[in-house]
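[1] With the input below, show me the fold.
(one chain, ligands or ions: 1)
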Amino acid sequence: MSIIELKNIKKTYSTGKAAVAALQGVSITIEQGEFVAIMGPSGSGKSTLLHLLGFLDRPDSGEFILGGTDVTSLTNNQLALLRNNLMGFVFQQFHLLPRITSLENAELPLIYAGKRHMKSDAMARITEVGLAQRALHRSNELSGGEQQRVAIARALVNDPLVIFADEPTGNLDTKSQNEIMAIIAELNRKGKTVVMVTHEEEVAEYAKRIIRMRDGKIIADEKKPGRPAEVIAKPVKISIDSIISASHTEIKRAELTDHFRQAFFAIVSHKMRALLSMLGILIGVAAVIAMLALGSGAQESIQKQLASLGSNLLMVRPGSQQLHGVSLGAGSVTRFTFQDVDAIAKLNGVARVSPSVSGGGQLVYANKNWSSQIQGQGVNYAPIHAAVPTIGRFFAEEDVRMRTRVALLGATVLKQLYGDVDPLDTYIKINRISFKVIGILPEKGATGWRDQDDVVVIPVTTGMYRLFGKQYIDSIDVEVTDLSLMDDVQKSIMDVLIKRHRLSPTKESENTFEIRNMADIKNTLEATTKTMSWLLGSIAAISLLVGGIGIMNIMLVSVTERTREIGLRKAIGARESDIMAQFLIEAVTLTFVGGIVGVIFGASIALLLALIANWTIRISIFSILLATIFSIVVGIIFGLWPARQAAKLNPIEALRYE
Ligand code: ADP
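    You can find the predicted model right below:
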């Protein structure tokens, strides 16, 4: 029974200018159980014919009948399925995968066939070729002859219809040659059809039929007398349709496991390279995690402080001293007096008013120095700014009137000057003037850029007249009874100040002082935070992009390096989707590992900053998930192209790649 029938097959290679007609109309028929040797001088088209017979390549024209079915126009994937199920290949260069054992090499076709459960078959084949002792050795620990035996075991594992051997002994010494040929002859004796390319007569001696070629044509086809093809008692029925029908379209779980193993091997065997290519992703993710942690920490503490202040606060300050870019002369800025404060306090809708001055001050206690911000405040400062002391008392109206030298210390000042000493009723020097400490201000925490506890609060009058020598108040805080009255109160403060300072009610005069609305500040802050998030987001996007390009680069290198491996995998039946999945998984593994290390790295930076610089941080599960998902997506996007490049390789060109 004929299993393969070629009719007038032609194949031309066009390399650059010259076109080489490798096969010029070849027709042959191969029966089941035959042992065919294809012979001829170098360049006569032997290998080309063998590759076409084994579906490793396609003819330009002609017909291919397999087991009675015309298979000339099948798709690449269907041909891959046929290779996987019906063909076994033995190559001159063995083409074993280097990092795995003999047994695992022999198992490979099972993976693509979705028959991993038949692993014991692989061991049986290894035993059959006499390598049971070497099953767990890696292929690079074997001699040439042993490697070729593993390759034969691999070709047999799916119980193929035909074994194709391309110069199987070309790379072997005479002893190994005889052993390998003995194995192949024995396979044929048991009924396997064998087609072998060789240029050595003594090897061809094993065959029962010799086809001689020259210049792409068959010039002789002789069956050896006295050595008839084995009569096969039970002809094999090939059902092409059931093999190429869609039963194998999905990627099997065993195959996925194999892909992950391969990805793992690829990374482990190039540790430095993997690390360097991950670096982009790693740094990107680490930066995102750290910045988000610090950003949301800062945001949280700002919000806490704003909440303690309340929204219904207006702050009246002298205007910016510039108008249309031109600096205004002295006196063009409104200076506030206590009369202004009283006038504002009397307005409708005003709950509390507190005047303030501030400046720097050199603090001395015992033998310790510290420079800090000194704020002169009114008695209402404590309720307005939620600054009622935790220890001691705030100063009273009486203190403001008498300009007494009393002070309240912020937590940082306390730590710097007193350590564990109780500060109450001690005397501290501010710019060489002695002040009595009467209380400790509640802790407010750092906002990320300013330590709010590095402050000393004294009565406003004491500050003006005794410490700073100022005649005027720097700013006035106004608490409004109800949020809905904010705009009205702002307007009436404006009116009263314009009237009191005899300003002309024009735009220019309004610029000599400004009234800031706490609610507005909140909105501004929120907008700023949003802008910051966008900024962080774009930094993240850029670094992930750069990281992705790094991954793509290394994946392309990996595809090039492993071209022959890809060719081999295709020869034993891997479809385009299988190769694609393998390289995609490798890219994603790289970026995923990079992402995870980046998360750990970024979180450590944030924690370190929290520990050392005392910053508020918040590492959210959301940001970790986001970063991880993004690194996976980057792997998919940037792995896609290299994976496609690999998947589209022509098996025989890939196998021949040097
Ligand atoms: P043989 O196996 O008999 O030595 P081949 O079948 O390998 O011969 O090659 C037949 C002819 O086709 C040779 O002239 C060879 O140079 C050419 N050829 C084979 N493969 C390719 C290819 N991939 N590209 C271009 N020319 C090729």
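[2] wait, residue 79 sits on residue 55?
    Yes: assessed by CB atoms under 8 Å, residue 79 is found in contact with residue 55 at 4.4 Å. In short, each C-beta sits where N, CA and C put it, glycine included.
[3] Overlap of the contact sets of those two?
    residue 71 (CB atoms under 8 Å, 6 or more residues apart in numbering).
[4] hang on, residue 496 is in a strand, isn't it?
    No: under DSSP: H, G, I helix; E, B strand; the rest coil, residue 496 falls outside any strand and is assigned helix.
[5] which element is the residue lying closest to it once chain neighbours are set aside on?
    Among residues not flanking residue 496 along the chain, residue 343 sits closest, at 5.2 Å (CB to CB, 6 or more residues apart in numbering). If you go by DSSP states H and E, residue 343 is part of helix 338-345.
[6] Run the chain-centre distance for that helix.
    61 Å (CA atoms, centre = their mean, to the nearest Å).
[7] What of stretch 276-289?
    That offset, for stretch 276-289, works out to 8 Å (CA atoms, centre = their mean).
[8] Tell me where the stretch 201-350 of the chain has helices.
    Taking DSSP state H, counting those that start in this stretch as the criterion, the stretch 201-350 of the chain carries its helices at 201-204, 240-244, 253-269, 271-309, 338-345.
[9] Which one of those lies nearest to the ligand?
    helix 201-204 (13.8 Å; CB to the nearest ligand atom).
[10] Who does the residue nearest to residue 61 when sequence neighbours are not counted form a beta bridge with?
    Residue nearest to residue 61 in three dimensions, not counting chain neighbours: residue 10, with 4.8 Å by CB to CB, 6+ apart. Per DSSP bridges, the residues bridged to residue 10 are residue 24, residue 61.
[11] Residue 10: what's it in contact with?
    Contacts of residue 10 by CB under 8 Å, 6+ apart are 21, 23, 24, 25, 26, 59, 60, 61, 62.
[12] top of those by neighbour count?
    residue 23 (27 neighbours; other CB atoms under 10 Å).
[13] what about the nearest residue to that residue once chain neighbours are set aside, how many neighbours?
    Nearest residue to residue 23, sequence neighbours excluded (CB to CB, 6+ apart): residue 11, at 4.2 Å. Neighbour count of residue 11, defined by other CB under 10 Å: 23.
[14] Alongside the ligand, which residues does the protein contribute?
    Residues of the chain found near the ligand (CB under 6 Å from any ligand atom) are 13, 15, 20, 22, 40, 42-48, 653.
[15] Which members of the residues you listed are classed as buried?
    Buried members of the residues of the chain next to the ligand, counted by 16 or more other CB atoms under 10 Å: 22, 40, 44, 45, 46, 47, 48.
[16] how about the first one, what does it touch?
    Residue 22 is in contact with 11, 12, 13, 45, 48, 216, counting by CB under 8 Å, 6+ apart.
[17] My guess is the last one contacts residue 13. True?
    Read it as residue 216. No: using CB under 8 Å, residue 216 makes no contact with residue 13, being 10.6 Å away.
[18] ok, residue 620 to residue 454 distance?
    Per CB to CB, to the nearest Å, residue 620 is found 29 Å from residue 454.
[19] Which residue of those two possesses the greater neighbour count?
    Between residue 620 and residue 454, residue 454 has the larger neighbour count (other CB under 10 Å), namely 17 against 12.
[20] give me phi/psi at the more buried one?
    phi -90, psi 70 (degrees, to the nearest 10).
[21] I'd like to know how far the residue nearest to residue 95 when sequence neighbours are not counted sits from residue 96.
    Spatial nearest neighbour of residue 95, excluding adjacent residues (CB to CB, 6+ apart): residue 568 at 4.4 Å. For residue 568, the distance to residue 96 (CB to CB) stands at 8 Å.
[22] Only the buried residues of stretch 453-472, if you could.
    Under 16+ other CB under 10 Å, the buried positions of stretch 453-472 are 453-464, 466-468, 470.
[23] ok, now stretch 467-486?
    Quick answer for stretch 467-486 (16+ other CB under 10 Å): 467-468, 470, 473-480, 485-486.
[24] Could you do stretch 618-632 as well?
    618, 619, 623, 624, 626, 627, 628, 630, 631, 632.
[25] Just the ones of these in helices?
    Among these, the ones falling in helices (DSSP state H) are 623, 624, 626, 627, 628, 630, 631, 632.
[26] what residues are up against the third one?
    Under the criterion of CB under 8 Å, 6+ apart, the contact list for residue 626 reads residue 288.
[27] how close does it sit to the ligand?
    48 Å (CB to the nearest ligand atom, to the nearest Å).
[28] Model confidence at that residue, what's the number?
    In this model, residue 626 is scored at 88, pLDDT.
[29] Include pLDDT when you put the buried residues of stretch 467-486 into CSV, please.
    CSV is the format used below for the buried residues of stretch 467-486 (pLDDT from 0 to 100):
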residue, pLDDT
467, 92
468, 92
470, 90
473, 92
474, 91
475, 92
476, 93
477, 92
478, 93
479, 91
480, 90
485, 87
486, 86
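[30] So which of those residues are in strands?
    475, 476, 477, 478, 479, 480 (DSSP state E).
[31] Out of those, the closest to the ligand would be?
    For those, the nearest to the ligand is residue 475 (84.2 Å; CB to the nearest ligand atom).
[32] what's the residue lying closest to that closest one once chain neighbours are set aside in contact with, if anything?
    Spatially, and ignoring its direct neighbours in sequence, residue 475 is nearest to residue 317 (4.4 Å; CB to CB, 6+ apart). Going by CB under 8 Å, 6+ apart, residue 317 touches 474, 475, 476, 513, 514, 515, 516.
[33] Can you pick out the most distant pair from these?
    By the measure CB to CB, 474 and 515 form the most distant pair in the contacts of residue 317, at 14.3 Å.
[34] Residue 118: neighbour count?
    Residue 118: 15 neighbours (other CB under 10 Å).
[35] before we move on, what SS does it have?
    The three-state label given to residue 118 by three-state DSSP is helix.
[36] Spit out the contact partners of it.
    Residues in contact with residue 118, defined by CB under 8 Å, 6+ apart, are 110, 157.
[37] Please apply the same query to the one 5 residues further on.
    Contacts of residue 123 were listed using CB under 8 Å, 6+ apart, and they are 103, 106, 132, 135.
[38] Looks to me like it is in a strand.
    No: counting by three-state DSSP, residue 123 is not part of a strand but helix.
[39] quick one: it from residue 165, how far?
    The separation that residue 123 has from residue 165, given CB to CB, amounts to 22 Å.
[40] Next, work out how far apart the residue lying closest to residue 598 once chain neighbours are set aside and residue 545 are.
    Spatial nearest neighbour of residue 598, excluding adjacent residues (CB to CB, 6+ apart): residue 285 at 2.9 Å. Applying CB to CB, the value for residue 285 to residue 545 is 13 Å.
[41] got a pLDDT number for the nearest residue to residue 274 once chain neighbours are set aside?
    For residue 274, ignoring the flanking residues on the chain, the nearest one in space by CB to CB, 6+ apart is residue 267 at 4.4 Å. Looking at residue 267, its pLDDT is 84.
[42] How about the contacts made by residue 267?
    274, 586, 589, 590, 593.
[43] and which of the residues you listed is nearest the ligand?
    Taking the contacts of residue 267 together and measuring to the ligand by CB to the nearest ligand atom, the closest member is residue 586, at 27.4 Å.
[44] For the stretch 351-500 of the chain, which segments count as helices?
    Secondary structure of the stretch 351-500 of the chain (DSSP H, counting those that start in this stretch): helices at 381-384, 397-402, 411-417, 460-461, 486-500.
[45] wouldn't residue 217 be in contact with residue 27 here?
    No: using CB under 8 Å, residue 217 is not in contact with residue 27; the gap is 10.2 Å.
[46] Tell me which of these two has more neighbours.
    More crowded of residue 217 and residue 27, by other CB under 10 Å: residue 217, with 15 against 12.
[47] now the more buried one, nearest residue through space, not along the chain?
    Closest to residue 217 by CB to CB, 6+ apart is residue 24, at 5.5 Å.
[48] Now do that neighbour against residue 11, distance only.
    9 Å.
[49] Look up the residues that both of the two are in contact with.
    Both residue 24 and residue 11 are in contact with residue 216, where contact means CB under 8 Å, 6+ apart.
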